[in-house]
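A.B. asks: output the structure for:
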Amino acid sequence: MKLRDFQKKMKKTIFTWEEACRVAWQTSSQVLRLELFNWRKKGDIQMLKRGLYCFPDRVTSKIEVAQHLYSPCYISLDWALHYYELLPDVVFSMTLVSPRGSRKFRTPFGEFIYHKVKPDFFWGYDPSTLMATPEKAILDYFYFKSAHCFPKQDFWIEMRWQNLELINFRKIKEWAKKLGIQKIIKLIGSLEDHAKIK
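C.D. replies: Sure thing, here's the model as predicted:
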């Protein structure tokens with residue numbers, strides 16, 4: 001099968017091996033594997049993980065890749081905090097949350113790190129963008145990194161938290177109380193005090 005014909009029939013930007021087989025149903029699986037291998041060598045397609053491929057020129061965003069790699073998921077933690085300009089440090093790995101399990105994928109589009117949460121903690125994001133709200137991104141950050149966070153003014157200064165006036169601390173504190181983890185409650189209270197000083 002020629003690449004041009006495959007591209008015309010395969011409407012999806014990101015597709016599985018099974019979907020490729022359905023599109024190229026007249027081609028044997030052995031020949032199709034060879035074709036995919038050759039197209040990969042030429043850079044016409046890329047493999048995101050075993051059994052998952054894409055047309056690189058059709059991919060519009062890393063978010064599109066993220067939701068196909070491991071779903072359901074939403075973007076949170078470091079990536080979301082940088083996106084909202086709450087933390088200034090550049091983040092190279094996209095950090096996400098999923099109820100399925102913790103995983104890490106290295107792809108031609110970068111590294112994607114998925115953190116596992118319980119299903120009843122999988123909320124607080126925009127379904128259209130898969131982006132956590134600023135408040136949920138902070139809560140997720142403390143949930144996964146509380147061992148490395150300290151409720152002290154010096155710590156917040158060192159981390160260079162900024163734009164905290166945009167945060168609804170009442171909402172985060174309500175969520176934290178429902179979660180019931182005392183260290184997270186203390187961290188949020190301390191961060192709110194830091195925001196008032198700034």
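
A.B. asks: how far is the helix or strand that contains Leu187 from where the chain is centred?
C.D. replies: Here Leu187, judged by DSSP states H and E, is contained in helix 182-197. Distance of helix 182-197 from the chain centroid (C-alpha atoms, centre = their mean, to the nearest Å) equals 26 Å.

A.B. asks: show me what it is packed up against.
C.D. replies: helix 134-145, helix 153-159, helix 169-179 (3 or more C-beta pairs under 8 Å, 6 or more residues apart in numbering; DSSP states H and E). C-beta coordinates here come from the backbone N, C-alpha and C atoms, glycine included.

A.B. asks: of these, flag the one that's most buried.
C.D. replies: Most buried of these by mean neighbour count (mean count of other C-beta atoms under 10 Å) is helix 134-145; its value is a mean of 22.

A.B. asks: residue ranges of the helices in this structure, please?
C.D. replies: Taking DSSP state H, the helices of the chain run over residues 3-9, 17-23, 29-42, 62-69, 77-83, 134-145, 153-159, 169-179, 182-197.

A.B. asks: quick one: closest of the ones you listed to Leu96.
C.D. replies: For Leu96, the closest of the helices of the chain is helix 62-69, at 6.0 Å, according to C-beta to C-beta.

A.B. asks: which strands and helices sit next to the closest one?
C.D. replies: strand 14-16, strand 46-49, strand 52-54, strand 93-98, strand 103-107, strand 110-116.

A.B. asks: okay, buried residues for it please.
C.D. replies: Ile63, Glu64, Val65, Ala66, Gln67, His68, Leu69 (16 or more other C-beta atoms under 10 Å).

A.B. asks: quick check, nearest of those residues to Gly43?
C.D. replies: Distances from Gly43 to the buried residues of helix 62-69, taken as C-beta to C-beta, are shortest for Val65 (16.5 Å).
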